[in-house]
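>>> Just a sequence and a predicted model for now, questions to come.
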Amino acid sequence: MKYYTYTTKNRLDYFYKQKMQEKIREKGVERVLIKEITQELADYCGVTFWAIEMIRRHTNQPSLALALKIAEYFGVKVEDIFEIVEQDVLKEEIEKNKRKYRKRKVKLTLNESDNLIK
């Protein structure tokens with residue numbers, strides 16, 4: 001039997017910005033803090049502030065029930081906020097970005113040495 005490992009990507013920051021703009025219009029204030037939205041969302045979902053914050057920062061994944069509550073709070077489908085990414089695809093992305101960075105680093109080093117020779 002083959003097991004698939006996966007992680008989730010989320011678009012919570014996008015929905016946070018929308019909710020912040022909505023609150024600004026409602027209250028007529030200049031700005032709304034992310035902490036306020038996070039606390040309101042945590043209270044709505046029945047979890048702690050830090051549980052939501054860890055999900056927002058991509059360091060934790062929500063349970064199915066929590067993902068459904070978060071989507072309900074923003075008035076959208078779960079798929080609009082969370083996307084499942086297979087671990088292998090994620091590893092490939094990370095490796096590709098590492099290779100790009102290494103190439104850039106080598107190019108920078110070569111360019112710096114060219115400047116020294118001139």
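Cool, the structure landed.

>>> Residue 61 is in contact with residue 85, correct?
No: counting by C-beta atoms under 8 Å, residue 85 does not reach residue 61; the two are 10.8 Å apart. Where you see a C-beta, it was placed from the backbone N, CA and C, and this is true even at glycine.

>>> give me phi/psi at the spatially closest residue to residue 58 that is not a sequence neighbour?
Using C-beta to C-beta, 6 or more residues apart in numbering and skipping residues adjacent in sequence, the residue nearest residue 58 is residue 10, 6.8 Å away. Note on residue 10: backbone dihedrals following degrees, to the nearest 10 are phi -130, psi 160.

>>> show me the contacts for residue 10.
By C-beta atoms under 8 Å, 6 or more residues apart in numbering, the contact set of residue 10 is 55-56, 58, 81-83.

>>> how near is it to residue 86?
Here residue 10 is placed at a distance of 16 Å from residue 86 (C-beta to C-beta, to the nearest Å).

>>> Endpoint to endpoint, stretch 70-82 covers what distance?
End-to-end distance for stretch 70-82: 10 Å, by C-alpha to C-alpha, to the nearest Å.

>>> Give the rounded mean pLDDT of it.
Mean pLDDT, stretch 70-82: 95.

>>> Phi, psi for residue 84 please.
The phi/psi pair for residue 84 (degrees, to the nearest 10) is phi -80, psi 130.

>>> Quick check: beta-bridge partners of it?
residue 8 (DSSP bridges).
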